[in-house]
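Asker: Have a look at this prediction, sequence included:
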Amino acid sequence: MSSSVADYTSIRPVPEPAGAQILWRWLAVVVGALLTLWPALYNRYPLLYPDSMTYLADGTPVARAVFLHQLSDYYGMRSFIYSLGILPFHRNLTPWPVIALQAVLTAFVIWLVVRSFRPRRTVLPYLALMVLLSALSSVSWFVSLVLPDILGPLVYLCIYLLVYARDTLSLPERLAVSLIAWWGIASHATHLVVAAGLCVLLGALALAQRRPHRLWLTVQAAALVLLAAMAQLALHAYLYGEASLNGERPPFLMARVIADGPGRWYLEQHCGRTRLAICQYLGRLPDNADDFLWKPDSVWQSADTETATRLRAEEMPFVLATLRAYPRQQLTRSAENSWEQLHTIGLWDLDASDWVLEEFDSTLPGGRSSYLRGRQAHNALPFDLFSSIQAWTVVASLALIAAFVPWSWRRRPARPIGLAVIVVSTVIGNAFVTGAMSMVEERFEARIIWLLPLLAGTLLIAWQGRSSTGRLRMGATTIPGGERLI
C-alpha cells in the first residue's frame, strides 16, 4: 500500500448502508452521548456554574425582543445566541435537555472525526475512544455543564471536518457540521477569536503548500466565522441600536493590563492630565483581574450605568496606549499568563456557588430542591481525583502523539497531520486568548484540553486502520466479507 498523501486522502466513505447497519451507527452515537453524561447522572443534576444561570435567564428577554419586539433596557452580558439556542430546550423549567443536546452534538462530531480515519468498522473503535475520553478526560464534565464551553472544541473539530475531511461527509452531514460550527462560534467570544486565527493559519499553510483546493475549503470555513460575527453584530444592533461584537460585556482587557501592572503604571503617569473614567478608581485598583470584575465592591461591580458605559468605551484606547507605553513589559506578562493558562487544567472551578442557589427562583423556578439533592451543591464531587486523572491522561497522550511523529513524518498522512495542526494550535491559541486577554482559570483550558487525548486516540485508530486495511487486502481471497461495515 502506498504511503503517499494522495493515497490516504483518497479514502472515501463507503456508501451509507441500509437497515440494521444504519441503526447500529445511530445507536453507537446515542451510546457515545450517554457515556458523556455520566457526571450529571452521578451528580443527580446537570452541573451549574454562576455563568450558567445567566445563560439560562438571558434567553427569555432576548427572545421577547427578537420575536415579539418587546425591547428591554437590559438583556445581560453573555452570548445571546447561545442563550437563544438553548431556550427551547430548557424553557426555564429544567436544564436536562440542554446537556442532552450537548451530549448528542459532541458524540456526533466525534463520530464523524473517527469515521474520517476509519471509514470501515467504525463502531467499535469509536465506542472504545468514547469510553476512554469520557472516563479519563474533561469532555464528559463539560458536556454535563450548562455553558457554551463544550462548543469551542466542537467548532475546531468541525473546521477539521470541513477542510480536511469534507469528502467523507454527505450533504446533510456537511450542513449539520456547518450549523454546529456557526452556533459554536457565535456562542462565545473566545471561540470566535480562536476560530478566526485557526482559519488564518490553515489558509497560510494551504498557500505555502500550494494547495488551492484546501485554501478554498478554508475560505468556506472562514465564511462561517464571518457569518457568526455578522449575526452578533446584527443582534446587538437590533437590541442596543449599535452594532458590536460583544454587547455590554465587562472590560476584560482593561482588567487584564491593570492586573498585569503596565496598565496601572500608565494610569499613575497620566491620570493627572487625562479624564479616563478608570482614573477615579486609581487608589483602589486590584492586582487581580477577577477582583477587578467580580468582587462585590470591585471597580466593575460598583460602577453605575454611566461609568460602566464609559469604561467599555475607553477600554481599547486605554489598552492600546498602555501597549505603546510599555510594549515589552506587557508582552512579557501576556506570555507568562498564557504559559500559566496552558498547564492550568483542573476542574476545581466547578465547585458549588451560593449565587447559583440565589438565582434558582427567578431562573429555574422549582429546580432548587433538585439541585440541592445533587453532589455539586455540597461540594461532594471528586474534582481532585479527576483533575489528577486528566493531568496524567494529557501526559500519556502527549507521549503517544510524540511516538507517532516518525510515522507521520515518513507517510505524511494529510488528515492526521491536519487534525494535529488544528488541535495543537487551538490548545495553544485558547491559552493565549484566555490567559493573556482575560484571566487564568482552571476551566478555560480544561474545556479544550481533552482534544489532546482525542488526537492521540484518532492517531492510533488511523495507524491501526491502515494496518488492518493492508492485511485485509492481502488476504481478501481467504477472508470473505472482510470489507463489510458494522
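Answerer: That came through fine.
Asker: Please make it C-alpha for all contacts and neighbour counts, starting now.
Answerer: OK.
Asker: So what's the residue count around the nearest residue to Pro95 once chain neighbours are set aside?
Answerer: Leaving aside its sequence neighbours, Pro95 sits nearest to Pro46 (C-alpha to C-alpha, 6 or more residues apart in numbering; 6.6 Å). Using other C-alpha atoms under 10 Å, the number of residues around Pro46 comes to 27.
Asker: again, but for Val104
Answerer: By other C-alpha under 10 Å, 20 other residues sit near Val104.
Asker: hang on, isn't it packed against Val29?
Answerer: Yes: counting by C-alpha atoms under 8 Å, Val29 is a contact partner of Val104 at 7.3 Å.
Asker: What about Leu171, how many residues nearby?
Answerer: By other C-alpha under 10 Å, the residues close to Leu171 number 11.
Asker: end-to-end on stretch 368-379?
Answerer: End-to-end distance for stretch 368-379, by C-alpha to C-alpha, to the nearest Å: 16 Å.
Asker: can you list contacts of it?
Answerer: By C-alpha atoms under 8 Å, 6 or more residues apart in numbering, the surrounding residues in contact with stretch 368-379 are Asn43, Arg44, Tyr45, Leu47, Leu350, Asp351, Ala352, Ser353, Leu357, Phe360, Asp361, Leu381.
Asker: For the chain, give me the ranges with low pLDDT.
Answerer: 1-20, 408-409, 465-486 (pLDDT under 70).
Asker: Looking at it, which helix is longest?
Answerer: helix 212-240 (DSSP state H).
Asker: tell me which strands and helices it is in contact with?
Answerer: In terms of contacts (3 or more C-alpha pairs under 8 Å, 6 or more residues apart in numbering; DSSP states H and E), helix 212-240 is packed against helix 151-164, helix 171-186, helix 189-208.
Asker: Just the C-alphas of the first one, formatted as CSV.
Answerer: It stands for helix 151-164. Provided in CSV are the C-alpha atoms of helix 151-164 (Å, rounded to 0.1, in the frame of the first residue of the first chain):
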residue,chain,number,x,y,z
LEU,A,151,-18.9,24.1,21.8
GLY,A,152,-15.4,25.5,21.3
PRO,A,153,-13.7,22.2,20.8
LEU,A,154,-16.6,21.1,18.6
VAL,A,155,-16.1,24.2,16.4
TYR,A,156,-12.4,23.3,15.8
LEU,A,157,-13.2,19.7,15.1
CYS,A,158,-15.9,20.9,12.6
ILE,A,159,-13.3,23.0,10.9
TYR,A,160,-11.1,19.9,10.6
LEU,A,161,-14.0,18.0,9.0
LEU,A,162,-14.9,20.8,6.6
VAL,A,163,-11.3,21.5,5.5
TYR,A,164,-9.5,18.1,5.7
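Asker: What ranges does this structure have for its strands?
Answerer: In the chain, no strands are defined using DSSP state E.
Asker: domain ranges for it?
Answerer: Following automatic domain parsing, one gets these domains for the chain: 19-249+340-471, 252-325.
Asker: Could you save these as a markdown table and add columns showing distance to Leu331?
Answerer: As requested, those are arranged in a markdown table below (distance: least, C-alpha to C-alpha, whole Å):
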| stretch | distance to Leu331 |
| --- | --- |
| domain 19-249+340-471 | 9 |
| domain 252-325 | 8 |
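Asker: and Ser369, how many neighbours?
Answerer: Neighbour count for Ser369, taken as other C-alpha under 10 Å: 11.
Asker: wait, His343
Answerer: For His343, the neighbour count with other C-alpha under 10 Å is 14.
Asker: Next, the contact list for it, please.
Answerer: Glu445.
Asker: and the gap between it and Val427?
Answerer: For His343, the distance to Val427 - C-alpha to C-alpha - is 10 Å.
Asker: Find residues that contact each of the two.
Answerer: Counting by C-alpha under 8 Å, 6+ apart, the residues touching both His343 and Val427 are Glu445.
Asker: Chain neighbours aside, what residue packs nearest to the residue nearest to the spatial centre of the chain?
Answerer: Computing the C-alpha centroid of the chain and ranking residues by C-alpha atoms, centre = their mean puts Gly152 first, at 1.8 Å. Sequence neighbours aside, His191 is the residue nearest to Gly152 in space, at 5.4 Å (criterion: C-alpha to C-alpha, 6+ apart).
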